[in-house]
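[1] this one's sequence-less:
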Ligand SMILES: [Zn+2]
């Protein structure tokens with residue numbers, strides 16, 4: 001059954017409060033390493049103890065999902081700060097944060113020379129509705145467990 005360090009393969013559908021599908025697996029299941037914070041905490045908690053073939057529907061509150069909307073992640077910039085790069089409402093942009101990190105933010109509105117941005121996750125503040133089917137389980141390899149994620153089909157494809 002699903003526990004820490006188990007590689008879990010699932011099919012799932014994620015719906016928002018309005019019932020609209022936000023995300024789902026299509027051709028192949030999603031594989032993830034359980035217990036390494038690869039998926040939102042409320043999701044992994046619900047999956048713990050499930051068996052292959054088992055299905056479940058459950059909701060995840062925003063605080064156990066992508067978090068509440070944070071006002072401090074909404075901010076303004078000047079058009080000139082974009083150095084002539086084309087900007088458009090709704091577009092995602094990568095900005096350099098105070099410690100050199102990349103912050104991904106969405107352009108919410110352009111008002112004259114002022115650009116309003118939002119770096120909250122698009123699903124922040126939302127209650128999430130999941131339907132999940134467990135396809136397959138296997139123990140994670142020592143390498144996967146040390147990296148904290150799955151390698152191979154359905155997982156990461158990389159070497160490091
Ligand atoms: Zn890796």
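    Done, it's in. From a predicted model like this one, the values you see are computed outputs, not experimental measurements. Numbering: from 1, shown residues only.

[2] For the chain, name the helix or strand with the lowest mean pLDDT.
    strand 92-96 (a mean of 90; mean pLDDT, DSSP states H and E).

[3] For that strand, which strands pair with it and how are they oriented?
    When pairs are called by DSSP bridges, strand 92-96 turns out to pair with strand 102-111 (antiparallel).

[4] Mind checking what helix or strand follows the partner strand in sequence?
    Note on strand 102-111: by DSSP states H and E, the next helix or strand toward the C-terminus is strand 114-118.

[5] which residues sit against the least confident helix or strand of the chain?
    Outside strand 92-96, the residues that touch it by Cβ atoms under 8 Å, 6 or more residues apart in numbering are 82, 85, 87, 102, 103, 104, 105, 106, 107, 117. In short, each C-beta sits where N, CA and C put it, glycine included.

[6] The same query, at a cut-off of 10 Å, please.
    Residues from elsewhere that reach strand 92-96 (Cβ atoms under 10 Å, 6 or more residues apart in numbering): 75, 77, 81-82, 85, 87, 101-107, 115, 117, 119, 122.

[7] Repeat that for stretch 137-147.
    Against stretch 137-147 from outside (Cβ under 10 Å, 6+ apart): 1-10, 31-36, 50-52, 148-152, 155-156, 158, 160.

[8] Got a quick PyMOL command for the buried subset of those residues?
    Only the buried entries of the contacts of stretch 137-147 go into this PyMOL selection, using 16 or more other Cβ atoms under 10 Å:
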select buried, resi 2+6+7+8+9+10+31+32+33+34+35+36+50+149+150+151+155
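
[9] so of the contacts of stretch 137-147, which ones are in strands?
    Using DSSP state E, the members of these that fall in strands are 6, 7, 8, 9, 10, 31, 32, 33.

[10] For the closest residue to the first one other than its chain neighbours, give its distance to residue 89.
    Across the structure, with Cβ to Cβ, 6 or more residues apart in numbering as the measure, the residue nearest residue 6 apart from its sequence neighbours is residue 34 (4.9 Å). Applying Cβ to Cβ, to the nearest Å, the value for residue 34 to residue 89 is 39 Å.

[11] So what are the sheet partners of the longest strand along the chain and their directions?
    Taking DSSP E as the criterion, the chain has its longest strand at strand 128-139. Within its sheet, and counting by DSSP bridges, strand 128-139 is paired with strand 6-15 (antiparallel), strand 55-60 (antiparallel).
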